[in-house]
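Student: structure for this input, please:
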Amino acid sequence: MPDESQTTCPHCGAPLAILRLPEALSDHAYDLACFDDRCPYYVRGWTWMEEKFGVRSSYRYRVDPRSGHASPLAVWSPTALRSSILPGPPELAGRKELP
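Tutor: Take a look at the predicted model:
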């Protein structure tokens, strides 16, 4: 189960959402991710990706609740991956059965 430091975004303090991962792309079912559109990490990502790679995309803060490893989650629009958000507080991500 994730600890409190893994349930909020270190960039903006917003609660992290439980994000279902595609089975074929990961060795675990869920990550936690920040979906606050005002998060500075996400906001500055649009400019950084455009300047560095010439692509119109950004990234959101993500953490693997099992290991605590944080990494960027690439997004191509403000609504990208929102359909994969599961209901419930991030504390549930460590449980075997999710809503």
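Student: can you give me the helices in this protein?
Tutor: Under the criterion DSSP state H, the chain contains helices at 40-53.
Student: nearest residue to the middle of this protein?
Tutor: The centre of the chain sits closest to residue 33, judged by CA atoms, centre = their mean, with a distance of 2.0 Å.
Student: confirm for me that it is in contact with residue 72.
Tutor: No - in this structure residue 33 lies outside contact range of residue 72 using CB atoms under 8 Å: 9.9 Å. Placement of C-beta: from N, CA and C, glycine included.
Student: next, show the common contact partners of these two.
Tutor: Jointly contacting residue 33 and residue 72 under the rule CB atoms under 8 Å, 6 or more residues apart in numbering are 60, 61, 62.
Student: what stretches of this structure score poorly on pLDDT?
Tutor: Applying pLDDT under 70 to the chain flags the ranges 1-5, 23-26, 89-99.
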